[in-house]
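K.L.:
My questions concern the predicted model and sequence given below.
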Amino acid sequence: MVRRSEHQLYSGAMDTEKDTYVTTIRGSIVIGIASALLVLTPALVRGATGTDSTSAEDSNKSNNPLTPAPGLNFQDYYSPTLFGSNSYINDFLVRGTLPLPPNSVIPVPELIRLTVPISTRPESSGGYTTGLGDINVFDIFLLKTDGPQLGIGPLLTMPTASNDALGTGKWQAGLAGVVVDPSPQRLLGALIQWQTSFAGDSNRPNVDTLTFQPFLIYNLPRGWYLRSTGIWSFNLENGDYYIPIGLGAGKVWKSGSNLYNLFVEPQYTVARRQWCAAVHHIRGTQYHARDISTMNVVTVPGQFCYCLGLRS
């Protein structure tokens, strides 16, 4: 998936910003639509020939974060511009999911999800740096699996970034919770993550963040679907926040026992609050917006994301 600082397009909050941000949003929409047509064309051809038997159930299994099956996906979030800057950012995420059955110690199923980011961030010198970001892992205990589903568990973010601009420099711990309500027509749910720093570089700012990701999947025939999955990010340290709304499309198809999922989703920020001081750090070492699940400093006018996922 592609994301702009987090992953969303934002509309300007001040009248003086409107012209700039409208231009940015239009550019992102064009790129997003072009990408969607390019990567989804093979699926379109397959559907037109009538050989695609993918069902709404398959679509829900592929998109449901609580599906108890091994999974691997590659997401890229690309943000062409940032508020107050001509810089861009990018995050390529490699994410794996591993289910564990109940056992004598933990009597409920578990889902372990590991996210490894490869990030690109602007440098104070005017160039860009690309490298490993902060790795995030959480362990979800599936407390309810019939009807509306519920999972909750601990999470940990490790300061593995190869450059200060690519991470927070802090060990972080917290909780993750997921609620999902699937039906043949749609998939509704939300992922909530809270984490706070407890160790790490004492010269780096403390981290205390909350993210809320509502997701709506509307199933169409032959494995096609519409989606909205913007991540709302709240910095509990200083009160900053940004709220993006997305609208994208995707396609799920089967190959043997595996499900493949491909989608594109442009996103737009509809509300934000950001201290002016943060803008001046965009090109400095205090720019740490993309720590995968912390998403904690910088907001952007817009972004789009794309993803290829696999579940077996």
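P.N.:
Arrived safely, thanks for sending.

K.L.:
Strands along the stretch 201-312 of the chain, start to end?
P.N.:
Applying DSSP state E, counting those that start in this stretch to the stretch 201-312 of the chain gives strands spanning 208-219, 224-228, 232-235, 241-246, 248-255, 258-273, 302-311.

K.L.:
Let me have the ones you listed in JSON lines, extended by distance to N136, mean pLDDT and mean neighbour count.
P.N.:
The C-beta positions use only the backbone N, C-alpha and C, and glycine is treated the same way. Below are those laid out as JSON lines (distance: least, Cβ to Cβ, whole Å; pLDDT from 0 to 100; neighbours: other Cβ atoms under 10 Å):
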{"stretch": "strand 208-219", "distance to N136": "11", "mean pLDDT": "95", "mean neighbour count": "19"}
{"stretch": "strand 224-228", "distance to N136": "22", "mean pLDDT": "94", "mean neighbour count": "19"}
{"stretch": "strand 232-235", "distance to N136": "14", "mean pLDDT": "92", "mean neighbour count": "23"}
{"stretch": "strand 241-246", "distance to N136": "19", "mean pLDDT": "88", "mean neighbour count": "23"}
{"stretch": "strand 248-255", "distance to N136": "23", "mean pLDDT": "91", "mean neighbour count": "21"}
{"stretch": "strand 258-273", "distance to N136": "20", "mean pLDDT": "88", "mean neighbour count": "22"}
{"stretch": "strand 302-311", "distance to N136": "17", "mean pLDDT": "60", "mean neighbour count": "25"}
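
K.L.:
With distance to P99 added, can I get the ones you listed in CSV?
P.N.:
As requested, these are exported to CSV (distance: least, Cβ to Cβ, whole Å):
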stretch, distance to P99
strand 208-219, 20
strand 224-228, 23
strand 232-235, 27
strand 241-246, 27
strand 248-255, 19
strand 258-273, 15
strand 302-311, 10
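
K.L.:
Those: which one's closest to S125?
P.N.:
Proximity of the strands of the stretch 201-312 of the chain to S125 was assessed by Cβ to Cβ; the nearest stretch is strand 302-311, lying at 24.0 Å.

K.L.:
what's across from G153 in the sheet?
P.N.:
With DSSP bridges applied, G153 shows beta-bridge pairing to A176.

K.L.:
Let me know which of the strands of the stretch 201-312 of the chain is the nearest to D76.
P.N.:
Closest to D76 of the strands of the stretch 201-312 of the chain is strand 302-311 (Cβ to Cβ; 5.8 Å).

K.L.:
residue contacts, P102?
P.N.:
Contacts here follow Cβ atoms under 8 Å, 6 or more residues apart in numbering; on that basis P102 touches V108, P109.

K.L.:
Distance of it relative to E110?
P.N.:
Spatial separation of P102 from E110 under the definition Cβ to Cβ, to the nearest Å is 8 Å.

K.L.:
List the beta-bridge partners for L216.
P.N.:
Under DSSP bridges, the beta-bridge partners of L216 are L188, S228.

K.L.:
And I243, how far from L175?
P.N.:
For I243, the distance to L175 under the criterion Cβ to Cβ works out to 21 Å.

K.L.:
swap in Q195?
P.N.:
If you go by Cβ to Cβ, the gap between Q195 and L175 works out to 8 Å.

K.L.:
just so I have it, where are all the helices in the stretch 51-200 of the chain?
P.N.:
Taking DSSP state H, counting those that start in this stretch as the criterion, the stretch 51-200 of the chain contains helices spanning 56-63.

K.L.:
any low-confidence regions in it?
P.N.:
Counting by pLDDT under 70, the stretch 51-200 of the chain contains low-confidence ranges at 51-53.

K.L.:
Quick check: the nearest residue to A190 once chain neighbours are set aside vs G96, distance?
P.N.:
Nearest in space to A190, with sequence neighbours left out and distances taken as Cβ to Cβ, 6 or more residues apart in numbering, is P214 at 4.8 Å. Taking Cβ to Cβ as the criterion, P214 is separated from G96 by 24 Å.
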